[in-house]
Each structure stands twice: as C-alpha cells, then as structure tokens.
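**Student:** requesting a structural model of the entry that follows:
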Amino acid sequence: MASASAPTTFSLLKSTASSRTRSSPSSSSHVSLPSSLKPTTRRLGFAAADPLLALHVAAKVRSFGSAKPARGVVAMAKKSVGDLSEADLKGKKVFVRADLNVPLDDSQNITDDTRIRAAVPTIKYLMGKGAKVILSSHLGRPKGVTPKFSLAPLVPRLSELLGIQVVKAEDSIGPEVEKLAASLPDGGVLLLENVRFYKEEEKNDPEHAKKLASVADLFVNDAFGTAHRAHASTEGVTKFLRPSVAGFLLQKELDYLVGAVSNPKKPFAAIVGGSKVSSKIGVIESLLEKVDYLILGGGMIFTFYKAQGISVGSSLVEEDKLELATSLIAKAKAKGVSLLLPTDVVVADKFAPDANSKIVPASSIPDGWMGLDIGPDSIKTFNDALDTTQTIIWNGPMGVFEFDKFAVGTEAIAKKLAELSGKGVTTIIGGGDSVAAVEKVGVASVMSHISTGGGASLELLEGKELPGVLALDEAVPVPMATKRSVSTLKEADLKGKRVFVRVDLNVPLDESCKITDDTRIRAAVPTIKYLQGNGAKVILASHLGRPKGVTPKYSLKPLVPRLSELLGVEVKIANDCVGEEVEKLVAGLPEGGVLLLENVRFYKEEEKNDPEFAKKLASLADVYVNDAFGTAHRAHASTEGVAKYLKPSVAGYLMQKELDYLVGAVSNPKRPFAAIVGGSKVSSKIGVIESLLEKVNILVLGGGMIFTFYKAQGLSVGSSLVEEDKLDLAKSLMEKAKAKGVSILLPTDVVIADKFAADANSKVVPASAIPDGWMGLDIGPDSIKTFSEALDTTQTVIWNGPMGVFEFEKFAAGTEAIAKKLAELSGKGVTTIIGGGDSVAAVEKVGLADKMSHISTGGGASLELLEGKTLPGVLALDEA
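**Tutor:** Okay, here's the model as predicted:
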C-alpha cells in the first residue's frame, strides 16, 4: 500500500471452507442482500463477510465470460552440487557463478555481507571435496572497466569466511587467469574480476562464454538473483561445461519457489500484497493454479473494490485494471480457490506517518480518506485461515508498513507466519518488501525460506522459466516422487462421482470393541472431507486386524460412530464390501454422503490381489483415491488391483504427505542433508543405511548397532550387543561412506551399565574404553554435543531409530536430546522427518511430535521407502 491512495477491504470466503460469519466493526455496515441475489452468491461458492460487497460481486461475476488460461508454476528439478561426490570433484577446476553484488560505501568498505555469506556453503563444500574453485560474479552496473565496481574489496571478507587466502585475478579471461587457474591447489579459491567489465557478458556472446568456460571442468550456478538473465556466465558457459549443476543457494530457492509451490503440503495459501494489481498479475494468475487460499492486501485491493462498485474514497485505483480484477475473482471461483480480502481497513486523511486515522468497514470508506492498512477484523480472519494451512507463500505487504501507524497488518502477518513456521508449516517469503517486513519485525530467521532473488523470485512465481536454471542438468527422475494428488481434482471432477477411497482404519480396539486410539481415523478425515465438500459420493474401504475369513471381532462397525462424529454426517455401513447389497447402498448415496464397506480382508482374494475381486470393488466407483500409506507396500486388490480399472487413480492427502517427505524430501533434499540411524542391530537397517549413503552429506549412527562398528575397528565393547556375522558389513559401510564423501559420525563416548535393567549402575566412558562386563546403553554427553553441532549445519534431517534404550529413563538422555535438537531445528526452517518405528515413539514420549516437519507412521511402508524400494500401491497411481 505504499502509495498516495489507500486500500479498502472486503472478504470472499469459499463457503465450504468455513460456516463462520464475522461481524463488521460497525453495525451500520450490515446490508441485507435482496432475495434475488442470495442464491447467486451461494452458487458462487462464497460467503461474503460484507453483504454489500457480495451483492456487487454476484452481479459482476454472473455476467463475466471465460478468461484465457492462467500459467502454472514451472517445475525445474535440477541436479545439485550436493549430488557431486569427492570422486567427481577432487582435483577438478569448478567454475562457480556466485552473486557477490554487495553494497560498498565511498571508501569501498562492504556495508552488508549477506550475499557473500550466502555463497559460502557451496564454496566450502567444493573446497572440502578437493575441488579448485574459480569464482565469478558481477558487481553493480559498470560500463566497461570501472574501478569502483572491482571485486578486489571483497577478498579480505571472503578469505576470512572461507578460512583460506583467496587469490584475486585482474581479469575474468585471458592468459593471466589461465595461469592462476592452472596453479590452484586442491581446495584453493580464485576470484575473477567483475564479469560485467565485458559487454559480451550481458549479450551472452558465445565466444566470451567459451573463454570463461575454458579454465574449468564443470559448472556450478549459485547466483539465483541473476538466473532470470541469459548471460555468458549464467547460461552461456553451460554449453561448454558438464556437469552443470545448482549450488546450495540456488537449489534452496528452487526447492521452495518451485518445489514447495508446485507440489505443496496442503492446504496451501498465498498472501499477495503491494500497491498495484498490475505488478502482481502474473503472480496471482500463476498461484491460482495451485493454492487453496488466496489472501489479498495492500493498495491493489481498492481496484478490486472499485470493480465491484464499492466506494474507495481517495484510495489508489488502477482504472484500466477493473475488468481484470473482476476476471480474477471469477477465475478463483472457477478453480475452487477461497479468495480472502480485508473486511475492514485503516483509513487516513493523508499519505503521511502523522495522518489522522480510523478503522472502517471495507464498504464504508469516506470520501477524501484513503486506506493504508488492513483492520483488526481482517487480521483475525486472515490468521484463522492461515491456521489451517501447511504451506504459505507471502509476496507483498498488507499496508504502508514504512509508517509505524500503518504497519500493524503487515507485522501481524509476519508474526503469524513465524508462529506457524515453529509448528512445521512451510513459510516462504517470496522476495521484495515482504523480506524487508519480516526483517523489520525480527522474525526472518524463523521462516522456512527467505527469497532475495528480486526479479528472479517474481518471474518464478509468475510461472516463467529462468534461463540460468533451464541450462543446468536435469535431476535424475525419482520413481513415486510425482504422483497425482486428490487436490488436483476439483468440483467439476468430483461432483456426483462415486469415489472409492482406500483408507487405513486399522485402529486398536479393546475387548468391548471400543476404539483405544483413533489416530488413524482422524488422519483419514482431511481427504474424506475434501471429497465431501466437492460433492463426491464417498465409498470407504479398509482392513482391520488379520482376519481369517469373516471374523466378527474384526468388523469395521465399531468405527462408525467416531467416523460419523468426525465427518459431521451419518456414515452408512455395509455388511459386505462387494455384492448386490453394497451396490444398492452405493446407488442410494447422496452427494457428500459416506458409505463404509466391511473389512476387505474378510475375503482371501484381497491379499492375493485377485483380478476378479479387484474388478468387483472397482465396479462400485468412478474414481480411486489411495490414502492408506501403511499398506502401500502390499499389492492387494484394494490398494493396487482397483487402480487398473478406475481412472483417475490418485493419492490422498495422507499418502501425498508421506511421499512428499519420504520420497521427495529424501531424494531431492535441501542440503546439507543428514540421516540419523539408530536401533539395536545393523542387520535391521542395512537397506536403510546403504540407500541413504547415496544421498546424505552426514550419517549419524547410534543405538546398539554402534558396537558392531566398534568391534569391526578392533575396539573392546565389553558385553555390549554385537552381531559377529556383520563385522565385515560394518567395515564395508564405513568404506562406502568415505568413498562417497559422506561424513560418518559415531559416538565418542557412551553411557554403560552393569546389566540390562532400568536400575542398573551406570557411568560415562570413552567409546574406546568400555570395560569387560559392562554394556553400552546410550550415547554420552560429548557425543550429544558433537551430533548437535553437526545437525546445526543441516537443512534436512531424517531420523530412524533411537540412540539408546530410551524405555529406561536412565538411558534415554541421548534419544531425548536428539528429539529436542530436531524440534529446535524445525523451528528454524530445517526439514525434520521422523522415519517411523521407535523414533516416533521417542518424539511422542518427549512431547515434541507436533514440532517436527513430518512424522511417518507407515511402519513397513516407511522402512521400505527409506531402503529405496518401490511400493506397489504407489506405483499404481497416476503420474502427476
């Protein structure tokens, strides 16, 4: 809203998203809708917080025709520098395009070293693998050789941060550069002079690009801020250097601005602000393809109000964008997106920090007054909506936040996102004034990602392709990483359709058939409610226990009351899962109705994946949704067989979340990436360790398995658990880690006990000094400190298996310390994945489960995914 005109506020909420109504600050704003228009607003799918606004919206949208298709967000899965091992890098000359365009004062002193520090992780990674690093960057906008834009002043700070003396070249090409590059030692760094001293750089001259590339063996682009430019050092050199990969900074931008936006954890909200609609058209159109909520703020909202015939006083309006505003509202409705605008605004009598101000309803802005911020009711409504989300991207302030009096809305959004980030919600600050806002409030460090790409960030959000990214090598496709989700099915795909949903309702029952833990039922609700809300007829299938034929104690009937309560409808129960009775019940289902079939495992054909049985199940429906991750590793009739007969076949929300983390985040992680593997035996984790060694930068080992590793190295382990037949395997795993450049961390000290019991005598000893007759039951305090320091450097962590015998309080300290460290890191934006089994029990025991990015409860399915195996129930689904 940084303009001479101010914003007005209105709210459009998808009626299925909330039945709640909100009161306006002034009772005078309540205007009854004419009866002739009330049905129209219901058909629009909106509940308007401001009735006057709803009237205008209804009238406009009824008459609006179809618009041209909006652009989707471009997906760019690129190979990362983290995929390059020591074998790929040692002794190789690596041309790194960094963004060292830092501000300098008149004395050539750096006034903000953020961009230099941001480049360090990639450079240090390359140095650590023995590469010879050749750094390239621009500074300012020179016209030819311009001394004040030389990179020479950056050398001292760069040397300090890297811990070595950086060599500086006087040019970016030529014989001197070739000599300096040839003499670089392994791990050495050469900084070239400003590439923009040559006009050929910005022209992407092929000969100039070839000269730049001639001094190197491979290319790393870590300059996201210039990736939208096809310059010689950002795009041209890739034609001559292979591999050409993304640096850690560029990869992180892609992970969030492309990955998290294109395949988000749902529900997904976008907050778009700023003074003008015209500057955000591309962003809004692109995000409408993906989001569940679109929250608008800033000066642009007055164009939306004016388009609906609402008086906006002297607030900023783009008269030539009125039809566009109306079309965007219509497009949101067509796509089932809940569009939220403020219901009240803070208005001012002039554009100044000392202006007189007051709060008014969006529909009651007085003449001569301008909106400069959103009001308190709007803040509450927006926060309530954001509380339901799992991914949020924010681009543009809510008001004129440069003036303290009109900064409340923007600051409130910043604080809400910081709070949600601490709860595991992915929060992305998409560049521009939003970055300045979160920095002003002091919450930048807790957001999942702050994009500082400027024009590159905006172009990515608009769905445009970036030349500097497209030129890089493609990442190796990962099976199962890209399955179509239920969220891609809209009302037009679902209304009136019969949807067969395989859920996992295998809950524990007591002897009276009462549910003792309803976690799995609650986990299934989001997918079912989404389908209900879009008018589908929902047919639920599940197993319970391990019945041998029809077994009454394994009937699903006891689940009906709780399921009905959670869904808000009376769930019908069938006495069978196939046959005429079931067909009649399905035929009688209303839109939004739910039918629960009887236990599918009452038929032996289910587990045999019998084609005829699968065909009978499928004959009940039009569409298939698999939301039973816990059984996805089994090729059963209801998990794999039915997919052959029903299209589309898609993943439910629970299944999608498991795939996003256990496949997506593990296969294409934010780096550095660490795995923590514990448990009592190496043999039970061989597949997991071998698979993760292909991906991680750091492997932390704990639990009873470590003593097999110690024994393999010739250390005495007392009476600790050892798998004698796995000593050679332990050695080979350590050798494999070294060959792949993976840092493998074993405890340096352990807590030992004189017996395996909760009341055993215990003491802390070095790992190399375990006395005879004593056994290790936990990691020691030095190890906790070392592991924690290593984890502090990471961006993704997966944990599978405890550090010690955490069931005994005396030996739970190591496991609990790791849980607390991961909770802390999750609050700082690190992706933390608890990969099933005892690790889940451990974080739940400590009370930190809700702090983690993802808790997998898939059991065998989780373990098989981490081992790199494919899951039949996932492979059967449609590709995204």
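**Student:** and stretch 856-865, how far out from the chain middle?
**Tutor:** 20 Å (C-alpha atoms, centre = their mean, to the nearest Å).
**Student:** how about stretch 389-400?
**Tutor:** For stretch 389-400, the separation from the chain centroid amounts to 16 Å (computed by C-alpha atoms, centre = their mean).
**Student:** let's have the chain start at 39 instead
**Tutor:** Right, with 39 as the first residue, what we last looked at is stretch 427-438.
**Student:** and the end-to-end length of that stretch?
**Tutor:** By C-alpha to C-alpha, to the nearest Å, the extent of stretch 427-438 from end to end equals 26 Å.
**Student:** report the rounded mean pLDDT for that stretch.
**Tutor:** Taken as a whole, stretch 427-438 has an average pLDDT of 93.
**Student:** also stretch 788-802?
**Tutor:** In this model, stretch 788-802 carries a mean pLDDT of 97.
**Student:** any chance you could list what contacts it?
**Tutor:** Outside stretch 788-802, the residues within contact range by C-beta atoms under 8 Å, 6 or more residues apart in numbering are 744, 756, 758, 787, 803, 805, 808-809, 811-819, 821, 842-843, 846-849, 851-852. Glycine gets a C-beta too; all of them are placed from N, C-alpha and C.
**Student:** next step: the residues you listed restricted to strands.
**Tutor:** Judged by DSSP state E, the subset of the contacts of stretch 788-802 located in strands is 787, 803, 813, 814, 815, 816, 817.
**Student:** tell me the confidence at the third one?
**Tutor:** Yep, that's residue 813 we're talking about. pLDDT, residue 813: 97.
**Student:** doesn't residue 744 make contact with it?
**Tutor:** No. Using C-beta atoms under 8 Å, residue 813 makes no contact with residue 744, being 11.9 Å away.
**Student:** the more surrounded of those two?
**Tutor:** Remark: of residue 813 and residue 744, residue 744 carries more neighbours, 25 against 20, as counted by other C-beta atoms under 10 Å.
**Student:** what distance do you get for the more buried one to residue 738?
**Tutor:** According to C-beta to C-beta, to the nearest Å, residue 744 and residue 738 sit 10 Å apart.
**Student:** the stretch 139-288 of the chain: helices as residue ranges?
**Tutor:** Under the criterion DSSP state H, counting those that start in this stretch, helices of the stretch 139-288 of the chain are mapped to 152-166, 193-200, 213-220, 237-240, 244-251, 286-292.
**Student:** okay, these in a markdown table with distance to residue 910 next?
**Tutor:** A markdown table is the format used below for the helices of the stretch 139-288 of the chain (distance: least, C-beta to C-beta, whole Å):
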| stretch | distance to residue 910 |
| --- | --- |
| helix 152-166 | 37 |
| helix 193-200 | 48 |
| helix 213-220 | 52 |
| helix 237-240 | 52 |
| helix 244-251 | 46 |
| helix 286-292 | 31 |
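**Student:** which of the contacts of stretch 788-802 count as buried?
**Tutor:** Using 16 or more other C-beta atoms under 10 Å as the burial test, these include 744, 756, 758, 787, 803, 805, 808, 812-818, 821, 842-843, 846, 848-849, 851-852 as buried.
**Student:** closest to residue 361 out of the ones in strands among the contacts of stretch 788-802?
**Tutor:** Checking those against residue 361 with C-beta to C-beta, the nearest one is residue 817 at 65.2 Å.
**Student:** low pLDDT regions in the stretch 239-388 of the chain?
**Tutor:** Across the stretch 239-388 of the chain, the ranges flagged by pLDDT under 70 are 298.
**Student:** can you do 50?
**Tutor:** Judged against pLDDT under 50, the stretch 239-388 of the chain has no low-scoring part.
**Student:** cool, the stretch 389-538 of the chain as well?
**Tutor:** Applying pLDDT under 50 to the stretch 389-538 of the chain picks out no residues at all.
**Student:** that one: strands as residue ranges?
**Tutor:** 395-399, 408-412, 429-433, 464-467, 487-488, 536-540 (DSSP state E, counting those that start in this stretch).
**Student:** which stretches of the stretch 689-838 of the chain form helices?
**Tutor:** Under DSSP H, counting those that start in this stretch, the stretch 689-838 of the chain gives helices at 691-697, 704-705, 724-730, 744-750, 765-777, 819-829.
**Student:** most packed of those helices?
**Tutor:** Ranked by mean neighbour count, those are led by helix 691-697 with a mean of 26 (mean count of other C-beta atoms under 10 Å).
**Student:** only C-alpha atoms, please: export it in PDB.
**Tutor:** Coordinates of each C-alpha in helix 691-697 appear next as PDB, following Å, rounded to 0.1, in the frame of the first residue of the first chain:
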ATOM      1  CA  TYR A 691      -3.600 -36.100   1.400                       C
ATOM      2  CA  LEU A 692      -2.000 -38.500   4.000                       C
ATOM      3  CA  MET A 693      -0.400 -40.600   1.200                       C
ATOM      4  CA  GLN A 694       0.800 -37.500  -0.600                       C
ATOM      5  CA  LYS A 695       2.400 -36.100   2.600                       C
ATOM      6  CA  GLU A 696       4.300 -39.300   3.200                       C
ATOM      7  CA  LEU A 697       5.500 -39.300  -0.400                       C
END
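**Student:** counting by contacts, list what it packs against.
**Tutor:** Where contact means 3 or more C-beta pairs under 8 Å, 6 or more residues apart in numbering; DSSP states H and E, helix 691-697 is packed against helix 557-571, helix 898-904.
**Student:** for those helices, which one ends up most surrounded?
**Tutor:** When these are compared using mean count of other C-beta under 10 Å, helix 898-904 is most buried, at a mean of 23.
**Student:** returning to what we had before: the ones in strands among the contacts of stretch 788-802 into JSON lines, with extra columns for distance to residue 220?
**Tutor:** Below are the ones in strands among the contacts of stretch 788-802 laid out as JSON lines (distance: C-beta to C-beta, whole Å):
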{"residue": "787", "distance to residue 220": "46"}
{"residue": "803", "distance to residue 220": "51"}
{"residue": "813", "distance to residue 220": "56"}
{"residue": "814", "distance to residue 220": "51"}
{"residue": "815", "distance to residue 220": "55"}
{"residue": "816", "distance to residue 220": "52"}
{"residue": "817", "distance to residue 220": "47"}
